[in-house]
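**Student:** Sharing a model that was predicted from the sequence below.
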Amino acid sequence: MALETAGVEALAAALAIGISAVATAWAQKDIGSAAVGAMAEDESLFGKGLILTVIPETMIIFGLVVALFALGII
C-alpha cells in the first residue's frame, strides 16, 4: 500500500511542477514579446520590461512549494 501512495505523491509533484512550468512559459512568451516591442521604440523601458518578464517566475516557485508539500518534505 505504501508503494501506491508514493506513486500518487510523485505524480502530484510532477503535475504541480509541469503545469506551473507550462503556465510560466506561456505568460513569459506574451510578456517577453511585448517588452521587446516596447524596447524597440523606447530603450528606457528595459528595466520595466525585465521586471515584468521575471514576475511569472513566481508561478514556478509556487509549483515547487506545492510539489514539496505533496512529497511530504515540508
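**Tutor:** Yep, that arrived. Numbers count the residues shown, from 1 in each chain.
**Student:** Buried residues, stretch 29-42. List them.
**Tutor:** Buried positions in stretch 29-42, judged by neighbour count with 16 or more other Cβ atoms under 10 Å: 31, 35, 38. In this view, the C-beta of every residue, glycine as well, is placed from N, C-alpha and C.
**Student:** from the residues you listed, which ones fall inside helices?
**Tutor:** 31, 35, 38 (DSSP state H).
**Student:** ok, those vs Ile61, which is closest?
**Tutor:** The nearest member of those to Ile61, counting by Cβ to Cβ, is Ile31 at 16.8 Å.
**Student:** so what pLDDT did that closest one get?
**Tutor:** We have a pLDDT of 92 for Ile31.
**Student:** Surely it and Thr53 touch.
**Tutor:** Yes. Applying Cβ atoms under 8 Å, one finds Ile31 in contact with Thr53, separated by 5.4 Å.
**Student:** Closest one of the ones in helices among the buried residues of stretch 29-42 to Leu64?
**Tutor:** Ile31 (20.6 Å).
**Student:** gap between the closest one and Glu43?
**Tutor:** Ile31 sits 18 Å away from Glu43, going by Cβ to Cβ, to the nearest Å.
**Student:** now do Ile19
**Tutor:** Ile19 is 36 Å from Glu43, by Cβ to Cβ.
**Student:** Who has more neighbours out of these two?
**Tutor:** Neighbour count, other Cβ atoms under 10 Å: between Ile19 and Glu43, Ile19 has more, with 13 against 8.
**Student:** okay, the closest residue to that one other than its chain neighbours: pLDDT?
**Tutor:** In this structure, Ile19 finds its nearest non-sequential neighbour in Gly63, 7.0 Å apart by Cβ to Cβ, 6 or more residues apart in numbering. On the pLDDT scale, Gly63 is placed at 91.
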